[in-house]
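**Q** Model the following, please.
(2 chains)
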Amino acid sequence: MEPELEPPQLQFRSAEMGCAFDDFHGLISTPQVTGGSSFTALLELAPPQAVELLVTEDFPAKQPLPPPIFPTDIGLIHRASKFSVFASADNSMESNTILSVSNSIPVKQEDLDADSRRNSSSPAGSDQSLKSGKRKEREKKLKESNKKSKSKAANDDGEELPYVHVRARRGQATDSHSLAERARREKINARMKLLQELVPGCNKISGTAMVLDEIINHVQALQRQVEFLSMRLAAVSPGIDFDLDSLFTVNGSSNDNSYSGMLAPPICTEGQLDGARQLQLQQLWHCDELHQSVWARETDTSNFIAPANSLLSYDSTSANSGKPVAPRCTTS
Amino acid sequence: MQNSSSSSSLMVKQEFFTKWKKGLKIYSAFNKEMTIMERKRAIKLSADVAIASTRSATTQWSRAVVAEVSSSAAGAARIAAEEILGRKLSTERRKAQAGKKIVRRRRKAAARGAVRSSAAAVAKKVVRNRRRVLKRLIPGWKKLDEICLIKETLDYIASLQVQVDVMRHLANAGETLHHQQILL
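**A** Numbering: from 1, shown residues only, chains lettered A, B, ... in the order given. Presented below is the predicted three-dimensional model:
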């Protein structure tokens, strides 16, 4: 049958389409580096101001690492936590703005005001921290920072600043336990904020319990989506037969790039097709036509999709898993 | 969700995609005919190991995923996982890892004694319960304390998002082509 004929045709086609595809891919893959860090880039979020400022601070420090998203990712998280507890001297002003923008409690600003110094050397730090002349607190801080340096070395994975300077706020206990507790709480709060940015719709919610609820829902939803998607792929793939993926590798592993660029137009197609999807699942594909359509699609989306649209007469059931389908094409 | 991802997010996706394909290829080499459920399991396992390997050894959850696969996978699954990770899997039987602190859940309520039915106490209890629920969702939750929990959640959510995006694109593309092919 067809599948036997298909391999030689396939190679030929992929070769001839390969060059066309490369140009196309080159077009698509000119990266617009959003200037965001890896972390927010990973999320494809338009980073809110707080995170953005966190990010731009990231760059000078972590620039020379190209592939690893994750060191900078963790770095971002660390920086977020650092903000609440202490801030580097350069960014004291920015961090103040950040925190005021993101509605943190005013005492945090006070914290940062006091902590606007380099943390590398505590004597130097104490020189600069003369915003409020509380000697006792500074001494507490020194003791605290010494203690914290040890605990920090033990706890954190890779934070390079040795000291944590925590200023005791007015009217609050200044013993080391509560200071440590407060530092810990602030770290947790900073990370919770990041988490709130990450999960869509959490920004507006106030109150930890609700936010945690949303986060739990989001994680569960994502896990469920993975299950469903793998089921979908399993259902689709009898025709493709896993080796289709090896075809994609002909064009380099840049498929997702092209697909993400091009699936935006065909989103409307999906919406209409989903209703009829179940009908087609049992049918066998003709693999050579499939490959032809794959490569042709890479090069010339619009011409290819339009005739398909014109033939469709399905209702646009947006049964896609959560994807906002904006039907831009009309069915005839 | 925008499709215009920036380059670093793209790199993760590509890395995940390549690794995932590697795993799938091994499966198909082993076993030409698979039922739908077997295929689904193969796809899912390859995807999970691939996304965990993009973070391998830096996060607790990725280590936990790999450990779980290595202790419960057999045959094609094992080979696929090893191929994705690029190393041999060791069958570890719940060996205590000296990485993170192991959480001892001490019931401090007894020590506290007094019954606090104030609103704040109730709220705290609710929050604590939710944290516990969240913790259980993350793979490798037994070794997470509160601070690490949030960090791991962040990382895990981001990775899940990548995984879902790539899988969804592939599924959509496949199905779209399928239909167009049928129609034309």
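**Q** check contacts around the spatially closest residue to B:V126 that is not a sequence neighbour.
**A** Spatial nearest neighbour of B:V126, excluding adjacent residues (C-beta to C-beta, 6 or more residues apart in numbering or on different chains): A:A209 at 4.8 Å. The way it works is simple: take the backbone N, C-alpha and C, and place the C-beta from them, glycine included. A:A209 makes contact with B:A123, B:V126, B:V127, B:R130, according to C-beta atoms under 8 Å, 6 or more residues apart in numbering or on different chains.
**Q** 10 Å instead?
**A** Applying C-beta atoms under 10 Å, 6 or more residues apart in numbering or on different chains, we find A:A209 in contact with B:A123, B:K124, B:K125, B:V126, B:V127, B:R128, B:N129, B:R130, B:R131.
**Q** quick one: pLDDT of it?
**A** Note for A:A209: predicted pLDDT of 87.
**Q** Hmm, B:Q163 is touching B:I43, no?
**A** No - counting by C-beta atoms under 10 Å, B:Q163 stays clear of B:I43, with 11.2 Å between them.
**Q** sorry, back to before: next, format the contacts of A:A209 as a markdown table and append secondary structure.
**A** Converted to a markdown table, the contacts of A:A209 look like this (DSSP: H, G, I helix; E, B strand; the rest coil):
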| residue | secondary structure |
| --- | --- |
| B:A123 | helix |
| B:K124 | helix |
| B:K125 | helix |
| B:V126 | helix |
| B:V127 | helix |
| B:R128 | helix |
| B:N129 | helix |
| B:R130 | helix |
| B:R131 | helix |
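**Q** Buried ones only from those, please, as a PyMOL command.
**A** Remark: buried members of those, expressed as a PyMOL selection using 16 or more other C-beta atoms under 10 Å in any protein chain shown:
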select buried, chain B and resi 126+127+130+131
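**Q** element containing B:Y27?
**A** helix B:7-30 (DSSP states H and E).
**Q** anything in that helix near chain A?
**A** Yes - counting by C-beta under 10 Å from any C-beta of the partner chain, chain A has neighbours in helix B:7-30: B:7-29.
**Q** just to revisit the earlier point, list just the nearest of the contacts of A:A209 to A:S237.
**A** B:R130 (38.2 Å; C-beta to C-beta).
**Q** Not including adjacent chain positions, what is the nearest residue to the closest one?
**A** Once flanking residues are discounted, B:R130 sits nearest to A:L212: 4.0 Å by C-beta to C-beta, 6+ apart.
**Q** Next, count neighbours for the one you found.
**A** A:L212 has 23 neighbouring residues, counting by other C-beta atoms under 10 Å in any protein chain shown.
**Q** So it, which state does it fall into?
**A** Criterion first, three-state DSSP; result for A:L212: helix.
**Q** who's in contact with it?
**A** Counting by C-beta under 10 Å, 6+ apart, A:L212 touches A:192, A:195, A:202, A:205, B:126-131, B:133-134, B:153.
**Q** separation between it and B:H179?
**A** 41 Å (C-beta to C-beta, to the nearest Å).
**Q** which secondary element of chain B has the worst mean pLDDT?
**A** Ranked by mean pLDDT, DSSP states H and E, the weakest helix or strand in chain B is helix B:108-112, scoring a mean of 53.
**Q** How about B:F30, nearest residue that isn't a chain neighbour?
**A** B:A76 (4.1 Å).
**Q** Could you verify my assumption that the one you found touches B:Y27?
**A** Yes - here B:A76 reaches B:Y27: they are 5.5 Å apart, a contact under C-beta under 10 Å.
**Q** For chain B, which segments count as helices?
**A** Secondary structure of chain B (DSSP state H): helices at B:7-30, B:36-53, B:60-72, B:76-85, B:108-112, B:119-137, B:146-183.
**Q** Which one of those lies nearest to A:S237?
**A** The nearest among the helices of chain B, by C-beta to C-beta, is helix B:36-53 at 6.2 Å.
**Q** State the number of residues packed around B:L89.
**A** So B:L89, with other C-beta under 10 Å, has 17 neighbours.
**Q** can you count the residues close to the closest residue to it other than its chain neighbours?
**A** Nearest non-adjacent residue to B:L89, counting by C-beta to C-beta, 6+ apart: B:S70, 3.7 Å away. Other residues within reach of B:S70, judged by other C-beta under 10 Å, total 18.
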